[in-house]
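>>> Only the shape, not the letters, is given here:
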């Protein structure tokens, strides 16, 4: 699998990374998680992204815990990224410096490691960033050797402000065929500052897999609505893998993007995703331009980045 350097961090990461949300939220069997993650490492994946809040009610099902339990013994083989700021759950931000410090320590314990490669603030707003306390906590964690680098995960104006602070080594943001605000708002700024860029939601939650709108989960509805209006030519194919391949390559062609984080709870899916990039990880200039021009022609002013 191809690798790229993650900005000024210097980490040589696989272009396809693993996102830990699904294994935390959907409660897969730990045996399936072990097969999934060990097979991915064996195949060359070396970038794993998770968060303290990726869990569904019990410590045993927390994404961080599952990663530590199943591949903690292989810690030297991968770069490990996590996020803080929502210890009480994805909809309950916790920005107290004391709670953030406790959260980082808890993450290290769950992940069975003394240090991660990257700790990211998880969708922190401008008002909190401006106060500076949360950034100070991450810097203290870095100085204490708990993390090598610090980053910001988020979108839109919040991400733009985070970049402009100059405090962060990396940006994780939504980059996909249904979510292109970042191409003008944040990615150029991140590239200018030498930040590594991690693409989240690179396949737009594969929203094209839903046949009927009634079956679309609420958090995917914005992408579903955009898909109906954009009407990309590549979505006309009945081949789901071809759609996913184009979407993945679009994200990896976006200026500055180093790695695309894709989540799954199914062991076989990792190998399938990796196979989609076996003969190339980027679109041609004309293919990329076609998708970009369609977005520019159709996207509404309210089509902002989806956190």
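Received, thanks. Predicted, not measured: the structure shown is a model, and the values here were computed from it.
>>> For this structure, give me the ranges with low pLDDT.
Flagging of the chain using pLDDT under 70 yields the residue ranges 90.
>>> Apply 80 and report the result again.
57, 88-92, 238 (pLDDT under 80).
>>> Can you show me the strands along it?
3-5, 12-14, 16-19, 47-49, 79-84, 116-122, 147-153, 170-174, 196-200, 257-263 (DSSP state E).
>>> Save those strands as JSON lines, and put in mean neighbour count and distance to residue 93 too.
Quick note: C-beta positions are derived from backbone N, CA and C, even for glycine. JSON lines is the format used below for the strands of the chain (neighbours: other C-beta atoms under 10 Å; distance: least, C-beta to C-beta, whole Å):
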{"stretch": "strand 3-5", "mean neighbour count": "15", "distance to residue 93": "31"}
{"stretch": "strand 12-14", "mean neighbour count": "20", "distance to residue 93": "27"}
{"stretch": "strand 16-19", "mean neighbour count": "26", "distance to residue 93": "20"}
{"stretch": "strand 47-49", "mean neighbour count": "27", "distance to residue 93": "19"}
{"stretch": "strand 79-84", "mean neighbour count": "27", "distance to residue 93": "10"}
{"stretch": "strand 116-122", "mean neighbour count": "26", "distance to residue 93": "8"}
{"stretch": "strand 147-153", "mean neighbour count": "24", "distance to residue 93": "12"}
{"stretch": "strand 170-174", "mean neighbour count": "28", "distance to residue 93": "16"}
{"stretch": "strand 196-200", "mean neighbour count": "27", "distance to residue 93": "17"}
{"stretch": "strand 257-263", "mean neighbour count": "25", "distance to residue 93": "21"}
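>>> As JSON lines, those strands with distance to residue 214 would be great.
Formatted as JSON lines, these follow (distance: least, C-beta to C-beta, whole Å):
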{"stretch": "strand 3-5", "distance to residue 214": "40"}
{"stretch": "strand 12-14", "distance to residue 214": "37"}
{"stretch": "strand 16-19", "distance to residue 214": "27"}
{"stretch": "strand 47-49", "distance to residue 214": "31"}
{"stretch": "strand 79-84", "distance to residue 214": "32"}
{"stretch": "strand 116-122", "distance to residue 214": "31"}
{"stretch": "strand 147-153", "distance to residue 214": "31"}
{"stretch": "strand 170-174", "distance to residue 214": "25"}
{"stretch": "strand 196-200", "distance to residue 214": "26"}
{"stretch": "strand 257-263", "distance to residue 214": "24"}
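>>> Go through the ones you listed and name the closest to residue 65.
Closest approach to residue 65 among the strands of the chain (C-beta to C-beta): strand 79-84, 11.8 Å.
>>> Now do the closest one: which elements does it pack against?
When contacts are defined as 3 or more C-beta pairs under 8 Å, 6 or more residues apart in numbering; DSSP states H and E, strand 79-84 sits against strand 47-49, helix 97-111, strand 116-122.
>>> sorry, back to before: quick one, which of the strands of the chain gets closest to residue 239.
Among those, strand 257-263 sits nearest to residue 239 (C-beta to C-beta), with 18.1 Å.
>>> counting contacts, what elements does the closest one pack onto?
Under the contact criterion of 3+ C-beta pairs under 8 Å, 6+ apart, strand 257-263 touches strand 3-5, strand 12-14, strand 16-19, helix 21-25, strand 47-49, strand 196-200, helix 240-253.
>>> can you list the residues that contact it?
4-7, 13-23, 47, 49, 172, 175, 187, 196-200, 202-203, 248, 251-252, 273 (C-beta atoms under 8 Å, 6 or more residues apart in numbering).
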